[in-house]
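Trainee: After the sequence you'll find the predicted model.
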Amino acid sequence: MLEMLKKFFYFCNKLNRKKLYLSIVLGVVDSMFTGLKIPAAFFAIQAVLEHNIDNAVIIKVLSIMIVSCLGKMITNRFSQMLQTEAGYNTCAGKRIEIAEHLRYLPMGYFNEASLGHITSITTNTMEQVGDIATRAIIMVVQGAITTVMIGLFIFVFDVRIGLIALSGIIVFLIVNTYTNKAVARLADGKIKTDKDLVGAILEYIQGIAEIRNYNLVGTSSKLFNIIEKKRATDIKIEIAAIPAVGVQMLVSKLTGVAIVACSLYFYFNGSMQLVYTIVMMLCSFIIFESLDTAGIYTALVRVIAKGVDLANDILQLPPMDINGENIKPTSNDLALQNVSFAYENRKIIDNISLNIKERTTTAIVGPSGSGKTTIAMLLARFWDVDEGAVLLGGKNVKQYSFDSLMQNYSFVFQRVYLFEDTIANNIRFANTQAPMEQVIEASKKACCHDFIMNLPNGYDTIIGEGGASLSGGEKQRIAIARAIMKDAPIIILDEATANVDPENEMELTQAIENLTKEKTIIMIAHRLKTVRNADNIIVVDNGKIIQQGTHDELMNVEGVYKNFITSRNQAVSWKLS
């Protein structure tokens, strides 16, 4: 338990840790005020039994009770405020810390499996930390302290009853240890089902069209099966914990009964005064009150500790080395020098060398899975190469700080992601302080101003998450407007026109021309009209460059490129008779 508490405290930053420590100190003071009830009861009972009730006794008892109540009220208020602030601040801070850390992880980390994992930690786990963890931990710590304080009061009054109380506490802790072990065996399963559920919900929403198409509902749905598994796991944890918690409470109640019985026995054999007997009987009802509450929360602390471990696992993932210099390249020449790269033990790029002059257009073509996109991503340092070097302006990209490197690139991907915000804000991501006039100018160059003005609120229209309320061509043009706003010297286009309908193609082509004027362009495309005017065409297959040249040069030799173009032309000429 101490190890788990220590782990949580160090999960919080220094300021929040101080708040938790101060909250615990206030908890100790609160326990002292709770303990004052015992001497107050003692003086009151003693006065009644001795028929010595006068103003002095009344004032003394009332004064002690007022101090106890007011002290508990004040310390409780400040203690809870400190707990709440520490919990929510830690939750917010860790979410931001994880978000910042994710920015600098290799892109290979992000896949369908990791999406649910990350989402679960930043939602479920951090919510537990912010809303439950601090309260649970403080309840455990404060419950233990209160029990110790009242136990000390009992020892002061009668050592024999104190030993009985101590024996009950020891048995309680043994049972509690068993409870924690029972929950610990199931904690990993709970964390996994939480993660799987979030991933399945994301997958369900993203694939809703296919789910409708193939009627994947009810028991045939993957989401249904995962929900059932989570339900079973949660019930299993409760089944494991509830009996043990019941035994804990039984131990505390039986110990209370033992204190009452022994106190009466000592009174009747003449070894304990009546006033002490009554006080001990009162203590039997309150000594385990806080410990019972602490015992219930200890099982929850175990689950939270597992969640903290998962959050720390993300924060300990080795980021790319981003602490380079803030360099402005003297040219926008790009180069790959004997570059090799593997992902999950599968070699994707095999000893490639390539030179790209600034203000030229380079098209990368090849069969699916040949490594086209990987080459583009390596040029922009989305991943670090395993062997060789990537150069920008004659300097290794690892010499640049990440932010200064990214200032040189703009991207337009086949799958555009727009955020649930206004269209204007989606366009001005590269320059959040850009005036509206600049946003409109970029939109006109991207050929999206007209359709934006036809939307209900124009540039202030809130678009759905991922741009769900817009067509593919409209999303592409907004992405191009965003890239125009950034005005980076190097443009990477990854199948930017692959899935665009004919109605949008002309405007999208014009938008790309406006974006790429006087820029260094790296494009991945399958369409002949997209690549034939490139200054250099790179043909990639199985992670190697197998051909290189202009369209005319490559068409004059037998090879993959000529076969590719010929088959495309034949496909275009096919007609139904």
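Mentor: Good, I have the coordinates.

Trainee: what helix or strand does Ile512 sit in?
Mentor: Here Ile512, judged by DSSP states H and E, is contained in helix 502-516.

Trainee: quick one, strands of the chain?
Mentor: Using DSSP state E, the strands of the chain run over residues 334-343, 346-356, 361-365, 387-392, 395-396, 409-413, 490-494, 520-524, 536-541, 544-549.

Trainee: Using CSV, lay out the ones you listed together with mean neighbour count and distance to Thr75.
Mentor: (Each C-beta comes from the backbone N, C-alpha and C, glycine too.) Below are those laid out as CSV (neighbours: other C-beta atoms under 10 Å; distance: least, C-beta to C-beta, whole Å):
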stretch, mean neighbour count, distance to Thr75
strand 334-343, 18, 56
strand 346-356, 17, 60
strand 361-365, 24, 67
strand 387-392, 18, 60
strand 395-396, 16, 59
strand 409-413, 22, 56
strand 490-494, 23, 60
strand 520-524, 24, 64
strand 536-541, 21, 69
strand 544-549, 16, 71
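
Trainee: There's contact between Val29 and Asn76 in this structure, I believe.
Mentor: No - the criterion here is C-beta atoms under 8 Å, and Val29 misses it with Asn76 at 10.0 Å.

Trainee: Below-threshold pLDDT in the stretch 351-500 of the chain: ranges please.
Mentor: Counting by pLDDT under 70, the stretch 351-500 of the chain shows low-confidence ranges at 464-469, 496-500.

Trainee: now the helices for it?
Mentor: Residue ranges of the helices in the stretch 351-500 of the chain, as given by DSSP state H, counting those that start in this stretch, are 372-379, 402-406, 423-427, 436-445, 449-453, 472-486.

Trainee: mind checking which of those helices is nearest Ile538?
Mentor: Closest to Ile538 of the helices of the stretch 351-500 of the chain is helix 372-379 (C-beta to C-beta; 7.7 Å).

Trainee: Alpha carbons of that closest one, as CSV, please.
Mentor: Provided in CSV are the C-alpha atoms of helix 372-379 (Å, rounded to 0.1, in the frame of the first residue of the first chain):
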residue,chain,number,x,y,z
LYS,A,372,6.0,5.5,-51.4
THR,A,373,4.4,7.1,-48.3
THR,A,374,7.2,6.0,-46.1
ILE,A,375,9.7,7.8,-48.2
ALA,A,376,7.7,11.0,-48.0
MET,A,377,7.3,10.6,-44.2
LEU,A,378,11.0,10.0,-43.8
LEU,A,379,11.8,13.2,-45.7
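
Trainee: Run through who's touching it.
Mentor: Helix 372-379 is contacted from outside by 107, 334, 336, 339, 341, 343, 348-349, 352, 354, 356, 364-366, 383, 385, 390, 492, 494, 522, 524, 538, 540, using C-beta atoms under 8 Å, 6 or more residues apart in numbering.

Trainee: Might you report the residue contacts of Ile524?
Mentor: Here Ile524 is in contact with 363-365, 372-373, 376, 493-495 (C-beta under 8 Å, 6+ apart).

Trainee: Next up, the contacts around the closest residue to Asp234 other than its chain neighbours.
Mentor: Among residues not flanking Asp234 along the chain, Lys190 sits closest, at 6.9 Å (C-beta to C-beta, 6 or more residues apart in numbering). Shown in contact with Lys190 (C-beta under 8 Å, 6+ apart): 233-234, 237, 303, 306.

Trainee: Lys190 and Ile137, how far apart?
Mentor: From Lys190 over to Ile137 the distance is 18 Å, taken as C-beta to C-beta, to the nearest Å.

Trainee: What number of neighbouring residues does the residue lying closest to Asp309 once chain neighbours are set aside come out with?
Mentor: Nearest residue to Asp309, sequence neighbours excluded (C-beta to C-beta, 6+ apart): Lys7, at 7.7 Å. Residues near Lys7, counting by other C-beta atoms under 10 Å, number 15.

Trainee: right, and Lys7 touches Lys306 too?
Mentor: No - with contact defined as C-beta under 8 Å, Lys7 does not count as touching Lys306 (10.2 Å).

Trainee: between the strands of the chain, which one is nearest to Glu420?
Mentor: Closest approach to Glu420 among those is made by strand 409-413 (18.5 Å; C-beta to C-beta).

Trainee: Touching that closest one from outside, list them.
Mentor: By C-beta under 8 Å, 6+ apart, the residues outside strand 409-413 that reach it are 380, 430, 476, 479-480, 483, 486-488, 490-496, 512, 515.

Trainee: Would you write a PyMOL line that selects the buried entries of the residues you listed?
Mentor: Entered in PyMOL, the line below selects the buried ones among the contacts of strand 409-413, by 16 or more other C-beta atoms under 10 Å:
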select buried, resi 380+430+476+479+480+483+486+488+490+491+492+493+494+495+496+512+515
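
Trainee: buried stuff in stretch 297-317?
Mentor: Buried positions in stretch 297-317, judged by neighbour count with 16+ other C-beta under 10 Å: 297-308, 310-311, 314.

Trainee: Just the CA atoms of it, as CSV, please.
Mentor: Extracted in CSV, the C-alpha atoms of stretch 297-317 (Å, rounded to 0.1, in the frame of the first residue of the first chain):
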residue,chain,number,x,y,z
TYR,A,297,-11.1,2.5,-0.8
THR,A,298,-7.9,0.5,-0.6
ALA,A,299,-9.1,-1.9,-3.4
LEU,A,300,-9.9,1.1,-5.6
VAL,A,301,-6.4,2.5,-5.0
ARG,A,302,-4.9,-0.7,-6.4
VAL,A,303,-6.9,-0.2,-9.7
ILE,A,304,-5.9,3.5,-9.9
ALA,A,305,-2.2,2.6,-9.4
LYS,A,306,-2.5,0.3,-12.4
GLY,A,307,-3.9,3.3,-14.4
VAL,A,308,-1.1,5.5,-13.2
ASP,A,309,1.4,2.9,-14.5
LEU,A,310,-0.2,3.0,-17.9
ALA,A,311,-0.1,6.8,-18.1
ASN,A,312,3.6,6.6,-17.0
ASP,A,313,4.2,4.0,-19.7
ILE,A,314,3.1,6.4,-22.4
LEU,A,315,5.2,9.2,-20.9
GLN,A,316,8.2,6.9,-20.8
LEU,A,317,8.0,5.9,-24.5
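
Trainee: where's it relative to the chain centroid, distance-wise?
Mentor: 12 Å (C-alpha atoms, centre = their mean, to the nearest Å).

Trainee: do stretch 161-174 as well
Mentor: Centre-to-centre, stretch 161-174 and its host chain are 42 Å apart (C-alpha atoms, centre = their mean).

Trainee: buried stuff in that stretch?
Mentor: 161-162, 164-165, 168-169, 171-173.

Trainee: Please apply the same query to stretch 34-43.
Mentor: For stretch 34-43, the neighbour count (16+ other C-beta under 10 Å) marks 34-43 as buried.

Trainee: okay, who's weakest in these by pLDDT?
Mentor: Lowest pLDDT of those: Gly35, 76.

Trainee: list the contacts for that residue?
Mentor: So Gly35 contacts 146, 149-150, 152-153 (C-beta under 8 Å, 6+ apart).

Trainee: how does it look with 10 Å?
Mentor: 68, 146, 148-154, 283, 286 (C-beta atoms under 10 Å, 6 or more residues apart in numbering).
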